[in-house]
Structures are given as C-alpha cells and as structure tokens.
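**Student:** Here's a sequence, model it:
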Amino acid sequence: MACGGDTSSTTTTVSDDDTNSEFALGEPADPADADRTIEIATLDSFAFEPAELTVTAGETVTFRIVNDGSLLHDFTLDGQATQDDHEAEMAGMEGMAHDQPNVVTISAGETIDLSWTFTEAGTVLIGCHQPGHYAGGMKGQISVEG
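**Tutor:** Predicted coordinates:
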C-alpha cells in the first residue's frame, strides 16, 4: 500500500489505475452512483462513531468521514491483511498522506468523502493507522449482507 501525496482533496475519485487493485468485498465508486451517505466521526479517543455498520451487497455508499477533533486520523477500508500491512507501514510515520482509493487521511476540522461499492457479502474492516490509534482500538467493521 503506497502512502504519499496531497491531503487537500475532499472526495476520492476512481481512476483507471484504481480499478486494477484487489480489495475485500468491493471496489472504489463514483460518488454520483451512491445509494446513500453514511457519516462516520473520527474521535480523538481512538474510536470511530459508529464503529459497526451494515450495508447490502451491490450497494454503493459514500462514507462522509468527519474529524471534529484535534488529532490527525485516517480511514482504511479493507480486509484484515490490508489492516495489518498498513499498521506496519504507518508505524512511526504520523502525518503521512495516502494515495490509495480505500484510504483517506482526515486532518483536524476536515471532512472527506470516500465512495465504495460493496460487491459481495462478508465483513470489511475499517481502521485508523496513525501511530498508536489502531492499537488503541480505533477500528470497526462493516457487515455486508447478501
């Protein structure tokens, strides 16, 4: 998973390069195709609110990720292997920006949208991998119903 780039964008978009990546149970989507928007707060107490969500396979969701706190957070959407890899990559790299379609960095006071189509039933995980956040419990899960 690559990190780097500018964090000033407030919406993730799908490019031709993004569609070649493999993700757990889904793929990046165009915000214009969203069936609904779900707001998720990133809390300085190392939590997402809500931390558990339910969506339906085939549904396109725009996650509106809001950081009203004072700490930098990120939002990584994928399976356990990606969460583990990203946690190892981010160790000691606080403030690193992301350039993957399933990961956004949210500065204090910022709101960023990430749109995703869930393609099959199962569980997708979310996590914040700023140093100490994931280990501190900043994680959650999305149940994708068939």
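
**Student:** Now do the strands in the chain.
**Tutor:** 26-28, 36-43, 47-49, 52-56, 60-66, 73-78, 103-106, 111-118, 122-127, 139-145 (DSSP state E).

**Student:** Could you list the paired strands of the last one along with their orientation?
**Tutor:** Right, the one you point to is strand 139-145. Counting by DSSP bridges, the strands paired with strand 139-145 are strand 52-56 (parallel), strand 122-127 (antiparallel).

**Student:** closest one to F46 among those strands?
**Tutor:** The closest of the strands paired with strand 139-145 to F46 is strand 122-127. By CB to CB, the value is 10.6 Å. Using the backbone N, CA and C atoms, a C-beta is placed for each residue, glycine as well.

**Student:** hmm, back to that, which one of the strands paired with strand 139-145 is the most hemmed in?
**Tutor:** strand 122-127 (a mean of 19; mean count of other CB atoms under 10 Å).

**Student:** can you pull the contacts of the residue lying closest to M90 once chain neighbours are set aside?
**Tutor:** Once flanking residues are discounted, M90 sits nearest to H129: 4.1 Å by CB to CB, 6 or more residues apart in numbering. The contact partners of H129, by CB atoms under 8 Å, 6 or more residues apart in numbering, come to D74, T76, Q83, H86, E87, E89, M90.

**Student:** And H129, how far from G69?
**Tutor:** 16 Å (CB to CB, to the nearest Å).

**Student:** now the strands paired with strand 139-145 as JSON lines including mean pLDDT?
**Tutor:** Output for the strands paired with strand 139-145, formatted as JSON lines (pLDDT from 0 to 100):
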{"stretch": "strand 52-56", "mean pLDDT": "98"}
{"stretch": "strand 122-127", "mean pLDDT": "96"}
